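**Student:** what would the 3D arrangement of this be:
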Amino acid sequence: MSQRDTKDNENRRRRRDRPLGLSNRKGTNLKVCPYSVVFGGDFQVKLNEIKDATPDELSQREDELRKELFNLRFQKVISGLENPMRMSQVRKEIARIKTIMNGRRITSGG
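**Tutor:** Purely as a prediction, here's the structure:
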């Protein structure tokens, strides 16, 4: 194995081990959860709230989010959005809810 191959492998390993959303500059020694950087720090709280909710609450929350997403799409076309990232946040929260609901359905055998 050549020296270049070993150097490439080291670089790949460094990239793979680095948490997502953090800078790749040397000297940045951030000791935070990468999800708190990406989601503004309240990711774990939301996830715990979703996991603790009943199936009825989850389906109701999903309906609310779908309506909000529908309205955001209209606002985007008509006048533009004040916070364009809100669409992405709503889609991801819907995905989280659906993931939890599907996991519960699978574990219950239904």
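**Student:** C-alpha from now on. contacts and neighbour counts both.
**Tutor:** OK.
**Student:** shouldn't E62 be in contact with I97?
**Tutor:** Yes - the pair formed by E62 and I97 meets the contact definition of Cα atoms under 8 Å, at 6.9 Å.
**Student:** let me see the ranges of the helices in the protein.
**Tutor:** Remark: helices assigned in the chain by DSSP state H are 3-17, 34-39, 43-52, 55-78, 85-108.
**Student:** I'd like to know how far G103 sits from G109.
**Tutor:** Plainly put, G103 is 10 Å away from G109 if you go by Cα to Cα, to the nearest Å.
**Student:** weakest of the helices of the chain by average pLDDT?
**Tutor:** Among those, helix 34-39 has the lowest mean pLDDT, at a mean of 44.
**Student:** quick revisit: G103 and G109 - which one has more neighbours?
**Tutor:** When G103 and G109 are compared for neighbours, G103 comes out ahead with 12 against 7, by other Cα atoms under 10 Å.
**Student:** and the more buried one, how far from E68?
**Tutor:** With Cα to Cα as the criterion, G103 and E68 are 24 Å apart.
**Student:** many thanks, have a good one.
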